[in-house]
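Below: sequence and its predicted model.
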Amino acid sequence: MTCDEIKIGLMDFLYNESDPEADKLMRAHLQNCVACRAEYEALSRTSLTLKAWENEDPRLHLVFVPESRSWLDAVKEKFLPERAPAWGSFAGLAAGITIGVLFISALLNTEITCDNGNFAYRTSLLPRPSATADSQLVAQVRQELDAKYQQLLLAGQQQQRDEFNRTLAKFATEVDRQRQIDLMLVGRGLDEFQQHTNSRFEQNNELLNQFLRNVKLPQK
Amino acid sequence: MTDGDLIHKFLHEPDSREGVSAFNTLVWRWEKPMYNFILRYLGKRDEARDLTQQVFIKVYRNLARLKDRERFSPWIYQIAANLCRDMIKQKRRRQSFSLEHLQESGALEEAAHAELTLLPEAALHPDRVVSRNELKDILEKALREIPEEQRLVVIMKEYQGLKFTEIAEALGLSVNTIKSRMYYGLSALKKILARWQFDEEAMLYDV
């Protein structure tokens, strides 16, 4: 047994918890090892010193008193037999479920409102009538919104039609104006052509007259 | 009648006079060891009184869960140790909160100086013979100097007289860990008492 291994064994030896074999080994080691013997003696003295702190009397005098029974237990004992019949348990279960359902229903129909800083709390087992009124109001608003939507849709379609008619009229006017211009240009061209033709005819006449004057016709 | 017999009687007829009487005997038997164990661990009498009561309330509520009734001793020490640890944790949380305040107000340095006066008087006058009360104060302060887990083992061994196996069972640790903590705890106490120049001669004079 080495000095390092001694620590845990020393505790067993100090408090008389080591088995005979380990006890024998420890005694042999302590007899031969001065350092371990000194350690053992010092720890033994410390242990002895610690034991000088005696126990105090707590003066608590605690006394156990069985818990008093609840009023429910007292009622049960008075009115119900030792072993409750099966229907009793069933009735109790049904009552418990009913109370639970009513409680959940009350929670679901709880309403907290705030009107000008005044908080109001209301609850009921069944849904409040105002819930129906609310749904009617919602339906009414929905109808109004539908009507408004239809109105806006029609107005949009009308606007599109007006816009189309305006564009069409504008196009027709433009076509008409372009036709007038074309007709005017054609007329002007025809006038110029006519004038040119007339002047050519006149020139030809002049030339023919001049030729006739100069040419002496043979005498008969 | 052993603890196991009393427990059996109580659990068999909890409402009868005999059952109540059995539990009261158990309380009467364990009241003093529990109080002194908690007192040595926590160091405050009012806390020790409160926790002792809490221990027995827990025992009453959970006694039916104790599988081996002959192992009542480690079981009740386990309850007491857990309650003490919870109390220490609560105190630490409160202390860390108040320390933040002290740091802010700069009072922490003053407290560090004040701590010097907490040393036992016998340490300042080694030749003086100490009274029984002074001796108790010195040992209490010495125990407070060692780490909490070592202190717990030292108290269980030195004052409650539990075997190493019982301490291991109560604390849920291996026997070797318990012996190791005992060794280091005892060695630390030896050094602390030597530092304070306190030895068994001082108390022998008083006796």
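Happy to help now that I have it.

so where's the longest helix in chain A?
The helix that spans the most residues within chain A, counting by DSSP state H, is helix A:130-214.

If we ignore the residues flanking it in sequence, what's nearest the residue in chain A that chain B sits nearest to?
As assessed by CB to the nearest CB, chain B sits closest to residue A:58 within chain A, at 3.6 Å. Using the backbone N, CA and C atoms, a C-beta is placed for each residue, glycine as well. Once flanking residues are discounted, residue A:58 sits nearest to residue B:35: 3.6 Å by CB to CB, 6 or more residues apart in numbering or on different chains.

next SSE after the helix or strand of chain A with the lowest mean pLDDT?
None of the helices or strands of chain A scores lower by mean pLDDT, DSSP states H and E than helix A:71-79, at a mean of 69. Per DSSP states H and E, the first helix or strand lying C-terminal to helix A:71-79 is helix A:86-108.

Off-centre distance for that following helix?
35 Å (CA atoms, centre = their mean, to the nearest Å).

Following it in sequence, what is the next regular element?
Next helix or strand after helix A:86-108 toward the C-terminus (DSSP H and E): strand A:111-115.

Quick one: mean pLDDT over that next one.
The average pLDDT for strand A:111-115 rounds to 74.

separation between residue A:177 and residue B:16?
Per CB to CB, to the nearest Å, residue A:177 is found 123 Å from residue B:16.

who has more neighbours, those two?
Between residue A:177 and residue B:16, counted using other CB atoms under 10 Å in any protein chain shown, residue B:16 has the larger neighbour count: 13 against 10.

re earlier: any idea whether the residue of chain A closest to chain B is helix, strand or coil?
Under DSSP: H, G, I helix; E, B strand; the rest coil, residue A:58 falls in the coil class.

So what touches stretch A:43-55?
A:10, A:14, B:32-33, B:36, B:40, B:132, B:135-136, B:139-140, B:154, B:158-159, B:183, B:186-187, B:189-190, B:193, B:198-200, B:203 (CB atoms under 8 Å, 6 or more residues apart in numbering or on different chains).

hang on, residue A:120 in a strand?
Yes: under three-state DSSP, residue A:120 sits within a strand.

Tell me which residues touch the residue in chain B that chain A sits nearest to, please.
Closest residue of chain B to chain A, CB to the nearest CB: residue B:35 (3.6 Å). Residue B:35 sits next to A:56, A:58, A:60, B:48, B:49, B:52 when contact means CB under 8 Å, 6+ apart.

Could you report the separation of it from residue B:55?
9 Å.

repeat for residue B:135
Distance of residue B:135 to residue B:55, given as CB to CB: 27 Å.

Same drill for those two, tell me which one is more crowded.
residue B:55 (26 against 21).

how about the more buried one, secondary structure?
Following three-state DSSP, the label given to residue B:55 is helix.

okay, and for chain B, where does confidence drop off?
The model of chain B has pLDDT under 70 over residues B:97-130, B:198-207.

give me phi/psi at the residue of chain A closest to chain B?
The phi/psi pair for residue A:58 (degrees, to the nearest 10) reads phi -70, psi -20.

Pull up the distance across stretch B:6-21, start to finish.
End-to-end span of stretch B:6-21 (CA to CA, to the nearest Å): 9 Å.

and it with chain A, contact?
Yes: using CB under 8 Å from any CB of the partner chain, stretch B:6-21 reaches chain A at B:14, B:15, B:20.

Derive a ChimeraX selection command for the buried subset of these.
Burial among the residues of stretch B:6-21 next to chain A is assessed by 16 or more other CB atoms under 10 Å in any protein chain shown; the matching ChimeraX selection reads:
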select /B:14,20
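
I'd like the residues of stretch B:6-21 next to chain A as TSV, with secondary structure and distance to residue A:168 appended.
TSV is the format used below for the residues of stretch B:6-21 next to chain A (DSSP: H, G, I helix; E, B strand; the rest coil; distance: CB to CB, whole Å):
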residue	secondary structure	distance to residue A:168
B:14	coil	104
B:15	coil	105
B:20	helix	109
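
what number of residues lie near residue B:4?
With other CB under 10 Å as criterion, residue B:4 counts 14.

Apart from its neighbours in sequence, what residue is nearest it?
Closest residue to residue B:4 apart from its sequence neighbours, by CB to CB, 6+ apart: residue B:69 at 4.0 Å.

Could you pull up the residues touching that neighbour?
Counting by CB under 8 Å, 6+ apart, residue B:69 touches B:3, B:4, B:7, B:8.

Please, a ChimeraX command that selects the buried ones among those residues?
If you want just the buried ones from the contacts of residue B:69 in ChimeraX, going by 16+ other CB under 10 Å, the selection is:
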select /B:3,7
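
want to throw the contacts of residue B:69 into CSV with secondary structure?
Output for the contacts of residue B:69, formatted as CSV (three-state DSSP):
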residue, secondary structure
B:3, helix
B:4, helix
B:7, helix
B:8, helix
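
Can you tell me which of the contacts of residue B:69 is nearest residue B:150?
For the contacts of residue B:69, the residue nearest residue B:150 by CB to CB is residue B:3; the value is 28.0 Å.

check contacts around that closest one.
B:26, B:29, B:69, B:70, B:72, B:73.

doesn't residue B:163 make contact with the last one?
No: taking contact to mean CB atoms under 8 Å, the distance of 9.5 Å between residue B:73 and residue B:163 leaves them out of contact.

Show me what from chain A comes close to chain B.
So far as CB under 8 Å from any CB goes, chain A lies against chain B at A:7-8, A:10-12, A:15, A:17, A:42-43, A:45-58, A:60-66.

Number of residues surrounding residue B:6?
Residue B:6 has 21 neighbours, counted by other CB under 10 Å.

Then the one 5 residues further on?
By the criterion of other CB under 10 Å, residue B:11 has 15 neighbours.

How about residue A:43?
Applying other CB under 10 Å, we find 21 residues neighbouring residue A:43.

Just the element for it, please.
Per DSSP H and E: residue A:43 is located in helix A:34-50.

Is the longest helix anywhere in chain B positioned near chain A?
Assignment by DSSP H gives helix B:72-105 as the longest helix of chain B. No: with CB under 8 Å from any CB as the measure, helix B:72-105 is seen stopping short of chain A, the closest distance being 13.1 Å.

Okay then, goodbye and thanks.
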